[in-house]
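Trainee: This is a predicted model, with the sequence first.
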Amino acid sequence: GESVGLHLPTLSVQEGDNSIINCAYSNSASDYFIWYKQESGKGPQFIIDIRSNMDKRQGQRVTVLLNKTVKHLSLQIAATQPGDSAVYFCAGALGTDKLIFGTGTRLQVFP
Amino acid sequence: DTGVSQDPRHKITKRGQNVTFRCDPISEHNRLYWYRQTLGQGPEFLTYFQNEAQLEKSRLLSDRFSAERPKGSFSTLEIQRTEQGDSAMYLCASSLALGGQPSSYNSPLHFGNGTRLTVT
């Protein structure tokens, strides 16, 4: 099966700095990974996804890196803003039939 | 608003009562998922549908839980004889699965804002 975990429960960064949130997965057959942002009282909001045939994918201010050798992925947020404060989840799957989520990292942005 | 809609947002019930939640997916999405999330944890998969067919159920889904999607559009999740351990956020998500393509090319799951259930 798949288990997905995050290295740090809380990450504090200063506004304007870059943030890096890390995630490890166990199933080397997983071929799809996705990052979600969840604010208090709301459902997870899609940020970016990546398929296993890619090493890197960029969005607006966000980059996901996938290292299949060590089964690790990361989410980089450039120029972190107060609105980025939330809990971030990584999830993995074989396809997108069933996502397996990690426990989340809380990102705190301070001025 | 064309996102995933869930109703109600909050439900407080007494132990032993039955509750039903509704999910309206994004209209063009043919897949619908139910997840459960407890405080401090990531969402846990419960079940999913493609159109009206229920394709997979988690072992977390006891026989007190039943989900339906009768017309392939909205879905309901019913919990019978609720227990305090059922208290959680119940999340619905939808996606578009493309026929003939590898499943990894399906669209990302888009979540609603959930129904928070409190069993007293």
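Mentor: Ah, there it is.
Trainee: residue boundaries of the strands in the chain?
Mentor: All of this is about chain A. A:4-6, A:10-14, A:19-25, A:32-38, A:45-51, A:56-58, A:62-67, A:72-77, A:86-93, A:100-101, A:105-110 (DSSP state E).
Trainee: oops, I was thinking of chain B
Mentor: Going by DSSP E, chain B shows strands at B:5-7, B:10-13, B:19-24, B:31-37, B:44-50, B:53-57, B:65-68, B:75-79, B:88-95, B:110-111, B:115-119.
Trainee: hmm, the helix or strand of chain B with the lowest mean pLDDT in reach of chain A?
Mentor: Ranking every helix and strand in chain B by mean pLDDT, DSSP states H and E puts strand B:53-57 at the bottom, with a mean of 92. Yes. Using Cβ under 8 Å from any Cβ of the partner chain, strand B:53-57 comes into contact with chain A via B:55-56. In this view, the C-beta of every residue, glycine as well, is placed from N, C-alpha and C.
Trainee: which other residues reach that strand?
Mentor: Here strand B:53-57 makes contact (Cβ atoms under 8 Å, 6 or more residues apart in numbering or on different chains) with A:97-98, B:46-49, B:67-69.
Trainee: Let's see if you can find the most crowded of those residues.
Mentor: B:Tyr48 (25 neighbours; other Cβ atoms under 10 Å in any protein chain shown).
Trainee: Looking at the residue nearest to B:Phe111 when sequence neighbours are not counted now. What's its pLDDT?
Mentor: Leaving aside its sequence neighbours, B:Phe111 sits nearest to A:Gly43 (Cβ to Cβ, 6 or more residues apart in numbering or on different chains; 3.7 Å). Note on A:Gly43: pLDDT of 96.
Trainee: Between the strands of chain B, which one is closest to A:Val70.
Mentor: Set against A:Val70 and scored by Cβ to Cβ, the strands of chain B come closest in strand B:44-50, at 25.6 Å.
Trainee: Now the closest one: average pLDDT?
Mentor: The model assigns strand B:44-50 a mean pLDDT of 95.
Trainee: Give me the angle between that strand and strand A:86-93.
Mentor: Relative orientation of strand B:44-50 versus strand A:86-93 (axes from the mean of the first three to the mean of the last three Cα atoms, to 10 degrees): 60 degrees.
Trainee: what about the least confident helix or strand of chain B, distance to the chain center?
Mentor: 12 Å (Cα atoms, centre = their mean, to the nearest Å).
Trainee: which residues touch A:Asp49?
Mentor: Here A:Asp49 is in contact with A:32-35, A:57, A:64, B:108 (Cβ under 8 Å, 6+ apart).
Trainee: Likewise for B:Leu109?
Mentor: A:34, A:46, A:96, A:99, B:33, B:93-95.
Trainee: what's the most distant pair in those residues?
Mentor: A:Ile34 and B:Ser94 (14.5 Å).
Trainee: Am I right that A:Tyr32 is in contact with A:Cys90?
Mentor: No. Under the criterion of Cβ atoms under 8 Å, A:Tyr32 is not in contact with A:Cys90, lying 11.4 Å apart.
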